[in-house]
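J.: Need a 3D model of the following:
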Amino acid sequence: MKKLTLVATAIMGLLSTSAAMAQSTVTVYGILDAGYNHVSGLRQGSVSTIASGIMEGSRFGLRGSEDIGGGYKAIFTLENRLELDTGSVTNRPNSGTQMPDRVATSVAAGVAGLPIPVATRDAIITSVNTTLATGAFGVNLAGNLFDRQAYVGMVTPIGAFTLGRQYTPGYLVAAQFDASQTQSSLAAGQVASLPAAFDIRLSNTLQYAIQTGGVTALLMYGAGEVAGSSSASRFWGGMATYKGDGFSVGYGHNGKNNELGQKSLTNDLIGATVDVGPGTLYGQYATIKDDNPSGISSIGTSVTTSTGSAAVGAAFQNAYNAAFRQDARLMHIGYRLTTGPHTWVVAFNRLDDKRTVNADTDSYGFTYTYALSKRTNLNAVLTRFNNKGQGQVAPGGNGFLGGVTASAGVGSTNIALGIRHTF
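T.: Have a look, this model is predicted:
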């Protein structure tokens with residue numbers, strides 16, 4: 001089924017200037033995806049809900065272009081998130097603001113030598129964890145109108161230049177070499193969602209993309225827009241893919257600084273596909289590294305204010321930095337088969353945590369899609385998450401986070417049945 005699952009497909013369309021087209025066009029498009037979603041292993045037991053975004057996040061968008069002539073074309077995209085179950089533009093996981101157990105355990109160990117009562121220590125951890133989770137555990141919590149995409153640009157004879165809120169190069173590679181195409185709880189990135197292992201989209205970006213033959217390449221720069229610091233919250237990334245006869249390969253890189261200008265979340269990804277029998281075999285390998293996590297640098301100041309001790313504040317800051325650092329490898333292998341109206345996907349994913357905390361997660365399962373027409377299909381999902389050590393990930397969907405299971409090491413099963421319509 002042709003849709004906007006793989007954003008690179010849209011990029012290819014933008015780069016093609018040779019096709020005949022109208023002087024100016026505006027297209028209204030969208031995806032409406034909802035269904036029954038059952039998840040086991042949560043703190044409250046098994047939870048069954050009507051969810052939006054099981055296979056793909058529901059959305060409503062406008063896309064336009066103007067053919068200026070001479071190989072130049074102005075383009076724009078505005079894409080809004082939509083939650084069909086509630087009519088809102090935000091959502092939270094089934095586990096709400098529950099933090100992975102390993103965070104409190106790690107922080108408590110990191111401040112064990114402080115001369116403060118245990119009750120005070122635990123109260124600080126609870127307060128900080130609640131604040132962090134309330135502000136971060138969910139999708140589009142700020143309620144931005146065009147949270148998914150918002151950019152304008154120009155296609156030229158030497159490539160496409162776009163500015164705004166866009167998908168990152170690393171994510172585009174992750175999506176292209178995922179057998180599920182990031183759809184459902186079976187997607188590779190689902191096992192690395194808390195804390196987020198990839199930046200999916202970023203605001204304030206400038207992107208350059210080019211396609212020649214079977215090669216597609218893209219470079220992105222993200223301005224941090226922090227007064228007084230050109231390096232704070234800055235992003236850089238790139239990707240290159242090659243599509244040949246019956247196979248494709250690709251590489252992607254994301255790198256950003258935190259709000260203090262320190263090197264933060266960085267990803268390197270390689271992927272490949274090869275036609276095998278009637279379907280396609282997918283594989284990818286990604287590194288996840290973050291020595292200076294973003295968004296938590298004010299914890300020390302907050303704790304200092306509440307306790308009156310700079311030493312206590314500094315100790316908690318260091319402990320939270322350690323708790324949210326990431327050093328992991330993500331592996332995916334899957335097979336996709338489409339025959340007539342039927343599409344089957346089977347896949348296995350592994351998050352291998354290299355830290356001493358050892359929060360590993362494996363997932364495996366299948367999805368089935370039956371196309372009722374070119375625009376409407378029915379979907380079924382069955383995915384199992386096996387958490388090991390301090391692993392605690394619960395399955396979500398393409399449009400929402402799964403959150404965490406009841407406690408570290410507890411696994412979870414997701415069963416979903418849904419309908420999707422595109423326009």
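
J.: By mean pLDDT, which helix or strand of the protein comes out lowest?
T.: Least confident helix or strand, the chain: helix 7-15 with a mean of 51, by mean pLDDT, DSSP states H and E.

J.: next structured bit after that helix?
T.: Of the helices and strands lying after helix 7-15 in sequence (DSSP states H and E), the nearest is strand 24-42.

J.: Go ahead and name everything in contact with the helix or strand following that next one.
T.: Moving toward the C-terminus from strand 24-42, the next helix or strand (DSSP H and E) is strand 45-52. Residues outside strand 45-52 that contact it (Cβ atoms under 8 Å, 6 or more residues apart in numbering): 33-40, 58, 82-86, 91, 94, 397, 399-400, 416, 418. Heads up, the C-betas are built off the backbone N, CA and C, glycines and all.

J.: what do you get if the cut-off is 10 Å, keeping everything else the same?
T.: Strand 45-52 has contacts (Cβ atoms under 10 Å, 6 or more residues apart in numbering) with 32-41, 58, 81-88, 91, 94-95, 394, 396-397, 399-400, 406, 412-413, 415-416, 418.

J.: tell me the average confidence for stretch 201-210?
T.: On average, the pLDDT along stretch 201-210 is 97.

J.: in it, what's buried?
T.: 201-202, 204-210 (16 or more other Cβ atoms under 10 Å).

J.: want to try JSON lines for those, with distance to residue 74 as columns?
T.: Putting the buried residues of stretch 201-210 into JSON lines (distance: Cβ to Cβ, whole Å) gives the following:
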{"residue": "201", "distance to residue 74": "22"}
{"residue": "202", "distance to residue 74": "22"}
{"residue": "204", "distance to residue 74": "20"}
{"residue": "205", "distance to residue 74": "18"}
{"residue": "206", "distance to residue 74": "16"}
{"residue": "207", "distance to residue 74": "15"}
{"residue": "208", "distance to residue 74": "16"}
{"residue": "209", "distance to residue 74": "15"}
{"residue": "210", "distance to residue 74": "18"}
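
J.: Just put those in CSV and tack on distance to residue 347 and secondary structure.
T.: Output for the buried residues of stretch 201-210, formatted as CSV (distance: Cβ to Cβ, whole Å; DSSP: H, G, I helix; E, B strand; the rest coil):
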residue, distance to residue 347, secondary structure
201, 23, strand
202, 27, strand
204, 34, strand
205, 30, strand
206, 34, strand
207, 29, strand
208, 32, strand
209, 28, strand
210, 31, strand
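
J.: and which of these is nearest to residue 27?
T.: Ranked by distance to residue 27 (Cβ to Cβ), the buried residues of stretch 201-210 are led by residue 209 at 19.5 Å.

J.: Helices along this protein, start to end?
T.: 7-15, 101-110, 118-136, 169-176, 299-307, 310-324 (DSSP state H).

J.: Going by neighbour count, which residues of the fifth one are buried?
T.: So the one you mean is helix 299-307. Buried positions in helix 299-307, judged by neighbour count with 16+ other Cβ under 10 Å: 299-300, 302-304, 306-307.

J.: What angle do helix 310-324 and that helix make with each other?
T.: Angle of helix 299-307 versus helix 310-324, following axes from the mean of the first three to the mean of the last three Cα atoms, to 10 degrees, is 140 degrees.

J.: and which of the buried residues of stretch 201-210 is nearest to residue 261?
T.: Once Cβ to Cβ is applied, the member of the buried residues of stretch 201-210 that ends up nearest residue 261 is residue 204, at 15.8 Å.

J.: Contact partners for the closest one?
T.: 163-166, 221-225, 233-235.
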